[in-house]
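# coords please:
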Amino acid sequence: MHIQTDTTLGGGGGGGGGGEEEEGGGGGGAKYLAEAVVIEILSRLPVKSLMRFHCVCKSWSSLFADPTFISKHVHDCNYNRDSTNLLISYRDNISFKSVITLLSSDNIAINFDLPPFFTNKKYYSHPTLLGPINGIVCFFGMPDNIGLWNPATSEYKAIPVSPVPRPPDVKVRGGDVGFGCDPKTNDYKVVQFLFVHSNQASILYPVEIYTLSTNSWRLLGGAIPAIPMHLNIWSMSYKNSDFCWWARDWDGTEVILSFDMHDEVFRTTLLPPGIDLLWGEDQVMRAIMPWNDLISLVVYQDREAEKWFDIWVMNEFGVRESWTKLFRIGPLFGIKRPLSFWKKDVVLIEDEYGELVLYDLCRQEMTQLGFHARKGMLNVLVYKESLDSLTGGSTSGLHQHVVQGFFRRAYEMQASNGEVHVTHKTKYPYSRWEIEKLSAEVGLHMVNKVCFSTYDYPGYENKRGAGNRSNETFQIGECSTFKFVK
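Numbering: from 1, shown residues only. A predicted model of the protein is given here:
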């Protein structure tokens, strides 16, 4: 058996196989060189330019909506870390209005209007921004007031109010939110904690989860091992597939509470040994922030005019011994709290007057960025743009579902001495599909993997299988044939 796992199916000439063809993939050669170069150039351009190019031709418009190109664009742009922007949300200290500004890497500020789904709510509060994940940002304010936003494309999506039945005779007093992406299906998810109060004065903590592809909520079963520190926007962070909160377990012990967006399970990690207790005599505080590809914990004294910041990183969730202390920053004067790391050697900080400050670790210099917020009402995200859309769910996830469905049926049909062959692309983003894992989940085991070339299949003709470019040829690219047995 053979299956082509891209959106297109190979045909003609007998064998299986597929993917997209390029000069190094066998067949076609120079015929496809120009298209390959154009795609390579386009994948490195800013979203603003690509949005203008939608009207150039139908093929480009289709390309910009293709999940493969979208993933490539995010991947290629991420190589240039200096191109990152800052998305700044704050309540102005003079007008008291909520302001959202995108500060580009070349110091150009662009103000955004709050999305209508947010300002039209009966109970409006200053929004907290979570993310970004592949260029997508999550808004939330009051409970059940949540939305998703792509600042680069100006696409908004109001998340519907959860219809999940809640305990009778309770009032929702507040909430907390987590936002992430399932790395296996590329599907966005929102986790909502509800702080409710019943007639018996008992506090309940139901957890609900929203999935973008189905546009629906469901109740998440199982016990919660810890409770997030309510609405502390500097105590949340996301890395890889885990969203993290600074929390307390049911014994009152401080932990990092993490939620895996794929497995949908909670885990707790104890804080590093030897750090001072929360608050205490010295009013010790913490902040959780991404540090490169790790989660960092920043420990500092809140009331001291002269502040020192101890930076720790966690190498493995659930393992207290994996904490490593990196360095100490300070002494710094007139500083309220850390907000985020930026680039390789910059820390973004809120000073004692609510102003956004940039601190250069190498030069040990502080620079005011000109954003003045009410104290404690400053939220900063390091933002990389993308073309990702909030409509239609996850096409890649649907493709994976189809492939695993094929594996399941192939397993049922396969003879004891038979093999199942799947030809699949091996470059990013297809390398994230985890073909071997998809097969193993239904009982198949890979025995061989060989490079695929059209030279092995005389007369092979590749055709697109969907979209307004269906029946056109396409590039094969790097792909391999995976061989499986029971």
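
# For the nearest residue to R44 once chain neighbours are set aside, which three-state class applies?
Excluding the flanking residues, the one nearest R44 by Cβ to Cβ, 6 or more residues apart in numbering is D76, at 5.4 Å. C-beta coordinates here come from the backbone N, C-alpha and C atoms, glycine included. Following DSSP: H, G, I helix; E, B strand; the rest coil, we place D76 in the helix state.

# Surely D76 touches S43?
Yes - in terms of Cβ atoms under 8 Å, D76 counts as a neighbour of S43; the distance is 4.6 Å.

# Of those two, which one has the most company?
S43 (18 against 15; other Cβ atoms under 10 Å).

# right, and that one touches V74 too?
No - checked against Cβ under 8 Å, the pair S43 and V74 is beyond contact range at 9.1 Å.

# Each with direction, which strands does the host helix or strand of S258 pair with?
According to DSSP states H and E, S258 maps onto strand 254-260. Applying DSSP bridges, strand 254-260 is found paired with strand 242-249 (antiparallel), strand 266-270 (antiparallel).

# Could I get the CA-only coordinates of the longest one as CSV?
Yep, that's strand 242-249 we're talking about. Output of strand 242-249 as CSV, limited to C-alpha atoms (Å, rounded to 0.1, in the frame of the first residue of the first chain):
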residue,chain,number,x,y,z
ASP,A,242,3.0,24.0,28.1
PHE,A,243,1.3,27.0,29.6
CYS,A,244,2.6,27.9,33.1
TRP,A,245,1.2,29.7,36.1
TRP,A,246,2.8,30.7,39.4
ALA,A,247,0.5,28.8,41.8
ARG,A,248,-0.1,27.2,45.2
ASP,A,249,-0.9,23.5,45.7
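
# Distance from the chain centre to that strand, please.
17 Å (Cα atoms, centre = their mean, to the nearest Å).

# sorry, back to before: quick check: the residue nearest to R44 vs S386, distance?
11 Å (Cβ to Cβ, to the nearest Å).

# Quick one: the strands in the stretch 101-250 of the chain, in order.
Applying DSSP state E, counting those that start in this stretch to the stretch 101-250 of the chain gives strands spanning 109-112, 128-133, 136-140, 146-150, 155-158, 170-182, 187-198, 203-204, 207-211, 216-219, 226-228, 236-239, 242-249.

# How about the stretch 351-486 of the chain?
355-360, 365-383, 420-425, 445-451, 461-462, 479-485.

# okay, the ones you listed, which one's buried deepest?
Comparing these by mean neighbour count (mean count of other Cβ atoms under 10 Å), strand 420-425 comes out on top with a mean of 22.

# now it against strand 479-485, angle please.
160 degrees (axes from the mean of the first three to the mean of the last three Cα atoms, to 10 degrees).

# about what we covered before: return the member of the strands paired with strand 254-260 having the minimum mean pLDDT.
Mean pLDDT is lowest for strand 242-249 out of the strands paired with strand 254-260, coming in at a mean of 88.

# now what about that one, what contacts it?
Applying Cβ atoms under 8 Å, 6 or more residues apart in numbering, the external contacts of strand 242-249 come out as 176, 178-180, 191, 225-229, 232, 235-238, 254-261, 267-268, 286-288, 295, 317.

# Include mean pLDDT when you put the strands of the stretch 351-486 of the chain into CSV, please.
Output for those, formatted as CSV (pLDDT from 0 to 100):
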stretch, mean pLDDT
strand 355-360, 92
strand 365-383, 87
strand 420-425, 86
strand 445-451, 90
strand 461-462, 74
strand 479-485, 90
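
# Dump the ones you listed to JSON lines, plus distance to V402.
Formatted as JSON lines, the strands of the stretch 351-486 of the chain follow (distance: least, Cβ to Cβ, whole Å):
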{"stretch": "strand 355-360", "distance to V402": "47"}
{"stretch": "strand 365-383", "distance to V402": "33"}
{"stretch": "strand 420-425", "distance to V402": "12"}
{"stretch": "strand 445-451", "distance to V402": "19"}
{"stretch": "strand 461-462", "distance to V402": "18"}
{"stretch": "strand 479-485", "distance to V402": "16"}
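
# The residue nearest to Q404 when sequence neighbours are not counted - how many residues pack around it?
Counting by Cβ to Cβ, 6+ apart, the nearest residue to Q404 once its immediate chain neighbours are dropped is L438, at 4.7 Å. For L438, the count of nearby residues is 21 (other Cβ under 10 Å).

# Quick one: residues contacting L438.
Counted by Cβ under 8 Å, 6+ apart, L438 has contacts Q400, V403, Q404, F407.

# one more time with 10 Å, if that's ok
Contacts for L438 were tallied using Cβ atoms under 10 Å, 6 or more residues apart in numbering; they are T5, K184, Q400, H401, V403, Q404, G405, F406, F407, R408, V422, L444.

# Please identify which of the strands of the stretch 101-250 of the chain is closest to E350.
Taking Cβ to Cβ, strand 128-133 is the member of the strands of the stretch 101-250 of the chain nearest to E350, at 14.5 Å.

# quick one: the closest one to strand 365-383, angle?
Interaxial angle, strand 128-133 versus strand 365-383 (the same axes, to 10 degrees): 70 degrees.

# chain center to strand 128-133: distance?
The answer for strand 128-133 is 9 Å, by Cα atoms, centre = their mean.

# Same check on stretch 211-226?
Centre-to-centre, stretch 211-226 and its host chain are 17 Å apart (Cα atoms, centre = their mean).

# just stretch 309-327 next, same as before
Chain-centre distance of stretch 309-327: 22 Å, with Cα atoms, centre = their mean.

# do stretch 50-59 as well
Its chain's C-alpha centre lies 26 Å from the corresponding centre of stretch 50-59 when counted by Cα atoms, centre = their mean.

# after the helix or strand of the chain with the lowest mean pLDDT comes which helix or strand?
The helix or strand of the chain with the lowest confidence, counting by mean pLDDT, DSSP states H and E, is strand 10-11 at a mean of 32. Remark: after strand 10-11, the chain's next helix or strand is helix 33-42, criterion DSSP H and E.

# now for that following helix, which elements pack on it?
With contacts taken as 3 or more Cβ pairs under 10 Å, 6 or more residues apart in numbering; DSSP states H and E, helix 33-42 sits against helix 58-64, helix 67-77.

# in its sheet, what does the helix or strand following the longest one sit against?
Per DSSP H and E, the first helix or strand lying C-terminal to helix 67-77 is strand 85-92. Partners of strand 85-92 in the sheet, by DSSP bridges, are strand 98-103 (antiparallel), strand 365-383 (antiparallel).

# That concludes my questions; thank you for your assistance.
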